[in-house]
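Quick check, what structure comes out for this input:
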Amino acid sequence: ALLEARGAAPDAAPSPSLAPMRIFDFFAGGGCFSTAAAALEDVEVALGVDDWGVALSTFRRNHPAAAARGTTLPATWAALRLPPARAPADAVHAHFSPPCVAFSSSRRGRETEAEVELGVRLLTWSVEFAVRHGLASYSVENVAVDAVKRLFRRLKECHPGGFDYVELKAERLGAACERARLVGGAPALVARLKALPALEAPQLRTMRQAFEAAGVAVPAEATHVRSGSGRYKPHGGGSAFALRRIATERATTLVASRALVFATADGTTVRQLAPREAAALMGLPAAMALPDTVRDATAVLGNGIEAH
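Just a heads-up that it's a prediction; the model follows:
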């Protein structure tokens, strides 16, 4: 979709006269989006911006040739010190992934007024920064909840011809875990995203397929993966947490605050998923650097986006 939005067919041979599309990754975290984009031909990561030191250090490890800025967003064009344009014709895709803490369903009823105000401000700034500076290709990603849908609808009305959006489900694009996201951006890019074929049930990727592809060995006694929250109720009423079969299903959404859990068929814990195992469900490469602590690595992945 990125290549088509800039006028190149995705299956066309690389053109020596076509400069690589450079990725500017705002709210970059550890670089999940950039790492997935860097796997494409004619794409290079040029910039990552994040004010969490652990995440920015991880981004630098994954993209040592890119500029890394610890700037707190929103910020002006001058304050961001964006890499200068290059010749021949320069092509840039800017990706914005503001924190979703104000809108996340996991914090429903506990969000503060200040968090909601900041969430709205960061999403609005992302779109207006891209439109105001004439970025031909950009994307803004956040949780697919009613509050964000209403905001995106207003932004589309404010910027006709400059902004559109679509809801994407990661599992329908090949991920082995669920995650519904609103992706807004340049209308040409969003049109390509809307045209993507969605996988049907028999084609969906299972957790077992993702683990095998990544060389991950599932604990022998584990048949399921469940969310790390909820309460196990062995006598009646089933389980208060989501329980998914490894062989045939996809995991629930990975979150920043807690890891998923390998479990038996009745929901009994075997052990938590290691960060590298969670990354496999997201389709991220085994070579991607992650923070050294489990807590920080879980946060980077939960705040990231699936490679698909």
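
For residue 223, see how far away residue 202 is.
Remark: distance between residue 202 and residue 223 (CB to CB, to the nearest Å) = 21 Å. Where C-beta positions appear, they are placed from N, C-alpha and C, glycine not excepted.

more neighbours, those two?
Set residue 202 next to residue 223 and count neighbours by other CB atoms under 10 Å: residue 223 wins out with 17 against 5.

Tell me which residues touch that one, please.
When contacts are counted by CB atoms under 8 Å, 6 or more residues apart in numbering, residue 223 touches 245, 246, 247, 263, 264, 265.

repeat for residue 103
Residue 103 is in contact with 111, 116, 119, 142, 143, 145, 147, 148, counting by CB under 8 Å, 6+ apart.

before we move on, back to that, residue 51: which of the contacts of residue 223 is nearest?
Distances from residue 51 to the contacts of residue 223, taken as CB to CB, are shortest for residue 263 (36.1 Å).

Let me see the confidence value for that closest one.
As predicted, residue 263 sits at a pLDDT of 94.

isn't it right up against residue 271?
No: look at residue 263 against residue 271 with CB atoms under 8 Å: they stay out of range, at 9.2 Å.

Overlap in contacts, those two.
Contact with both residue 263 and residue 271 is made by residues residue 222, according to CB under 8 Å, 6+ apart.

more crowded one of those two?
Higher neighbour count among residue 263 and residue 271: residue 263, with 25 against 12, using other CB under 10 Å.

before we move on, the earlier item: list only buried entries from the contacts of residue 223.
Buried residues within the contacts of residue 223, counting neighbours by 16 or more other CB atoms under 10 Å: 246, 263.

I'd like the contacts of residue 223 as JSON lines, with secondary structure and distance to residue 182 appended.
Formatted as JSON lines, the contacts of residue 223 follow (DSSP: H, G, I helix; E, B strand; the rest coil; distance: CB to CB, whole Å):
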{"residue": "245", "secondary structure": "strand", "distance to residue 182": "29"}
{"residue": "246", "secondary structure": "coil", "distance to residue 182": "29"}
{"residue": "247", "secondary structure": "coil", "distance to residue 182": "31"}
{"residue": "263", "secondary structure": "strand", "distance to residue 182": "31"}
{"residue": "264", "secondary structure": "coil", "distance to residue 182": "36"}
{"residue": "265", "secondary structure": "coil", "distance to residue 182": "35"}
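
Report the helix of this structure that spans the greatest number of residues.
Longest helix of the chain, by residue count under DSSP state H: helix 113-132.

So which residues of the stretch 51-200 of the chain form helices?
Secondary structure of the stretch 51-200 of the chain (DSSP state H, counting those that start in this stretch): helices located at 53-62, 77-80, 113-132, 146-158, 187-194.
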